[in-house]
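**Q** After the sequence you'll find the predicted model.
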Amino acid sequence: MLSLTKTSSRQRAILEVLFRNGWDYIEGLMKGSKAGEPRLPTPAVLRNILVELGPVYVKLGQLLSTRPDILPGAYIEALSSLQGKVPPVAWSQIEVMLRQELPGPLHETFSAINNQAVAAGSIGQVHQATLVDGREVALKIQRPGIETVVAQDISLIEGLAELVALSDWGQDYDIVSLAEEFSKALRAELDFTKEASFTEQLRRNMSNSPWFDSQELVIPTVYWHLTTEKLLVLEWLDGKPLLSADLSVTANGKSDEKRRQVTTLLFRAFFQQMYIDGFFHADPHPGNLFYLQDGRLAMLDCGMIGRLDPAPNKF
């Protein structure tokens, strides 16, 4: 088992955050005790722990917020608020990264760039920009130095998973396998060209469907000539995260069936992804589902994709 007492300064700092916030269950495991079910901190404390630990753990919390089979409802609700909890990197650092990734000077590519991030995630942050030809785009720029942070945090997450696996609860949910899958997906997210490819494939798959109106679901276009491993340039889409959008009334102020329509559309879209295409958006927390100003839905952030292989022929 990985020793968590002989690790990097980053890992020691993370353990200090856990213990400072009263996560005595882990301390008990490290002393050799065995519990049937982990004594988690309160939902609000757990959320604060993840925020204090940094972007990678916020990402973990976002994923856990979609797993009511693992955590009780109060935790799901608390962790669902993590979608806007990652602070952005200063523009001065982001600009350096952007200049390094572009094939030419900024002024030859963009007529305008908003230096205020419109969204910030665990791996990168998004800025709105205008190309010199007038097209509006979203620039997803990787956080400087995130590769080192991811490597260190993955090491600790996998070590903690081994500790939690000592409990009956950890074995029931195969926590070690979950940690391994999370780590694998997180490493893949460091290459934005993979996300670009996933986005394009999902866009093709969703562009023509017998299950729903494909015109009502938008996957952004990728600008490949500007996209690199650390810079992803996408079509700009105006809208709000699904949970922030007002779906209760129409333009004339009367109640309608918009919520049912949105739910039906998403259900059918994911049905096709999982059961027809075998290729699906694997991080569909509400922050990655947008309600656009024109009434359509958009799926964003395709960095994590799942695949389902066809069942083997039994005949």
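**A** Yep, that arrived.

**Q** From here on, just use CA atoms for contacts and neighbour counts.
**A** OK.

**Q** Do a quick rundown of the strands in this structure.
**A** 110-113, 119-120, 124-131, 136-142, 217-218, 231-235, 239-241, 279-281, 289-292, 297-299, 305-307 (DSSP state E).

**Q** can you list contacts of the fourth one?
**A** This means strand 136-142. 94, 97-98, 123-131, 190, 230-236 (CA atoms under 8 Å, 6 or more residues apart in numbering).

**Q** Going by neighbour count, which of the residues you listed are buried?
**A** Neighbour-count burial (16 or more other CA atoms under 10 Å) applied to these gives 94, 97-98, 123-131, 190, 230-236.

**Q** I figured residue 157 was touching residue 179, is that so?
**A** Yes: the pair residue 157 / residue 179 is scored as a contact, 6.8 Å apart, by CA atoms under 8 Å.

**Q** per-residue pLDDT, the closest residue to residue 142 other than its chain neighbours?
**A** Closest residue to residue 142 apart from its sequence neighbours, by CA to CA, 6 or more residues apart in numbering: residue 124 at 4.1 Å. On pLDDT, residue 124 comes in at 90.

**Q** from what I can see residue 124 touches residue 143, true?
**A** Yes: in this structure, residue 124 is within contact of residue 143 by CA under 8 Å, at 4.9 Å.

**Q** you'd agree residue 132 is up against residue 108?
**A** Yes: when contacts are counted by CA under 8 Å, residue 132 is listed as touching residue 108 (7.1 Å).

**Q** Which residue of these two possesses the greater neighbour count?
**A** Higher neighbour count among residue 132 and residue 108: residue 132, with 14 against 11, using other CA atoms under 10 Å.

**Q** Spit out the contact partners of that one.
**A** Going by CA under 8 Å, 6+ apart, residue 132 touches 108, 109, 110, 111.

**Q** how about TSV for those, with distance to residue 286 and pLDDT added?
**A** TSV is the format used below for the contacts of residue 132 (distance: CA to CA, whole Å; pLDDT from 0 to 100):
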residue	distance to residue 286	pLDDT
108	36	95
109	32	96
110	30	97
111	32	97
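
**Q** Just name the shakiest helix or strand of this structure by mean pLDDT.
**A** helix 24-30 (a mean of 53; mean pLDDT, DSSP states H and E).

**Q** low-confidence ranges in the stretch 51-200 of the chain?
**A** Scanning the stretch 51-200 of the chain for pLDDT under 70 picks out 83-85, 169-170.

**Q** nearest to residue 262, of the strands of the chain?
**A** Smallest distance to residue 262 across the strands of the chain (CA to CA): 7.8 Å, for strand 297-299.

**Q** can you pull out the helices in the chain?
**A** For the chain, applying DSSP state H gives helices covering 9-20, 24-30, 43-53, 55-64, 73-80, 91-101, 106-109, 146-164, 168-172, 175-188, 192-206, 258-271.

**Q** and of those helices, who's closest to residue 212?
**A** Nearest of the helices of the chain to residue 212, taken as CA to CA: helix 258-271 at 6.3 Å.

**Q** Can you give me the buried ones in the closest one?
**A** Neighbour counts over helix 258-271 (16+ other CA under 10 Å) mark 262, 265, 266, 268, 269, 270 as buried.

**Q** Please identify which of those residues is nearest to residue 211.
**A** For the buried residues of helix 258-271, the closest approach to residue 211 (CA to CA) belongs to residue 268, at 6.0 Å.

**Q** Turn the buried ones among the contacts of residue 132 into a named ChimeraX selection, would you?
**A** Buried subset of these, written as a ChimeraX selection, criterion 16+ other CA under 10 Å:
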select :109,110
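
**Q** Now distance to residue 258 too, for the contacts of residue 132, in JSON lines please.
**A** Output for the contacts of residue 132, formatted as JSON lines (distance: CA to CA, whole Å):
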{"residue": "108", "distance to residue 258": "43"}
{"residue": "109", "distance to residue 258": "39"}
{"residue": "110", "distance to residue 258": "37"}
{"residue": "111", "distance to residue 258": "38"}
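
**Q** and which of the contacts of residue 132 is nearest to residue 58?
**A** residue 110 (31.5 Å).
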